[in-house]
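1. Got a sequence here, can you build the structure:
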Amino acid sequence: MQYKSISNEENRVRITFEFKSGGIPFTIYGAEWINGDSVYAPLEPFSLIARPKEVSGKNAKWVISLDFPFSDSFDERDALVLSTDKGVVRCPTSSEGELIETIDLLRSDYEKQVSVSKKSSRRAWFILSLTLIGVAVIGCLSFVAIRRRFIRKRREIEELSMLISERTDRNHELETKVNALYGSRLDTLNMLCNEYFEKNESEKMKLSLYNEVEKHILALRDSKSIAELETIVNSYLDNILVRVKEQLPQLGRRDLAFLTYLYAGFSPRAICIFTDIKIKNFYNRRSRLRERILSSDAPDKDFFISKI
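-> Down below sits the predicted model:
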């Protein structure tokens, strides 16, 4: 609706306005004119019905003049108010009023936009704050988790280092014990061998020295020496031979003796002397023992193999 003109004549006020439908049917139930502090109704009843067949699909326009009771004073706040089925429509009846109405409308729209902008800004800051807090929390949790993992790994490394050091010490102790058990006897064998080469002219001396060497070697093979060696190996390798006997009862006495020499750390040639076998048979026998242990159901078979 748009104000066109207002006139004061013949003891009445005539207001002319233009109404556009925009192609939508509507109904005007009544009109009133606000003049200062007074509200006037038209001198003649007024209503208007725009039927669908008149306005549908086209822009219809009506120019309407309404007469109201006489007034000799006008104000920029005066307005024509129409009651329609679409709501109340207000139209200022002065150019100043239209300008004020436009300014008020623009101000209202601006304030709404500012309010929406502030809400959007607050929402954006809120979301940003939540995001930053979330990132900070995740960062802290990640730092704590990484730090704990690092501490755990460091402890594992320290424990592993201690275990390796302990194993090394135990191996040294094992070697010391074995040397103490067999060292003096091997020194005697070395001495006899030296005498054999120095006094090899006499066949009688050769035979005497050979018998002496054989006696010492047989002493290294006897059950007492093997039992002492077995005790030492068990002391420093977590009762490995006790566990072998429990988990691999099918192994014979000769296999157990062979394993005892292996776990004690003797060289292949020394083990050949102790077990009275040739060097090539040593490797075959060791391989067969490994295969028998690996194919068994022994819970500690990996540990047994690792020490061979």
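
2. measure Arg292 to Ala257 for me?
-> 15 Å (CB to CB, to the nearest Å). C-beta: built from backbone N, CA, C; applies to glycine.

3. now Ile273
-> Taken as CB to CB, the span from Ile273 to Ala257 is 13 Å.

4. for this protein, what are the low-confidence residue spans?
-> 22-23, 52-57, 160-221 (pLDDT under 70).

5. quick one, helices of it?
-> Secondary structure of the chain (DSSP state H): helices at 52-55, 95-198, 203-221, 223-236, 240-247, 253-264, 268-275, 279-294, 301-306.

6. what's in contact with the fifth one?
-> Helix 240-247 is contacted from outside by 230, 233-234, 251, 256, 259-260, 263, 296, 298-301, 303-304, 307, using CB atoms under 8 Å, 6 or more residues apart in numbering.

7. from those, which single one is nearest Cys140?
-> Phe303 (43.0 Å; CB to CB).

8. For the residue nearest to that closest one when sequence neighbours are not counted, give its distance to Glu228.
-> In this structure, Phe303 finds its nearest non-sequential neighbour in Ile240, 7.3 Å apart by CB to CB, 6 or more residues apart in numbering. For Ile240, the distance to Glu228 equals 16 Å [CB to CB].

9. Give me the more crowded residue out of the two.
-> Ile240 (19 against 15; other CB atoms under 10 Å).

10. Grab the nearest non-local neighbour of Asp300.
-> Arg243 (5.5 Å).

11. Show the contacting residues for Asp255.
-> Contacts of Asp255 by CB under 8 Å, 6+ apart are Leu289.

12. My error: substitute Ser21 in the last question.
-> Counting by CB under 8 Å, 6+ apart, Ser21 has contacts Ala50, Val55, Asn59, Ala60, Lys61, Trp62.

13. how many neighbours does the fifth one have?
-> Spelled out, that is Lys61. Applying other CB under 10 Å, I find that Lys61 has 11 neighbouring residues.

14. What distance do you get for the residue most central in space within the chain to Leu259?
-> Closest residue to the average C-alpha location of the chain: Ser142 at 8.5 Å, with CA atoms, centre = their mean. Using CB to CB, Ser142 is found at 51 Å from Leu259.

15. gap between Thr275 and Leu256?
-> 11 Å.

16. again, but for Ala79
-> From Ala79 to Leu256 the distance is 118 Å (CB to CB).

17. ok, and the closest non-adjacent residue to Ser7?
-> Nearest to Ser7 is Arg14, by CB to CB, 6+ apart, at 5.0 Å.

18. so what's that neighbour up against?
-> Ile6, Ser7, Ser65, Leu66, Asp67, Phe68 are the contacts of Arg14 under CB under 8 Å, 6+ apart.

19. tell me which residues in stretch 270-289 are buried?
-> Ile271, Cys272, Ile273, Phe274, Ile277, Phe282, Arg285, Arg286, Leu289 (16 or more other CB atoms under 10 Å).

20. ok, the residues you listed vs Val137, which is closest?
-> Taking those together and measuring to Val137 by CB to CB, the closest member is Leu289, at 58.9 Å.
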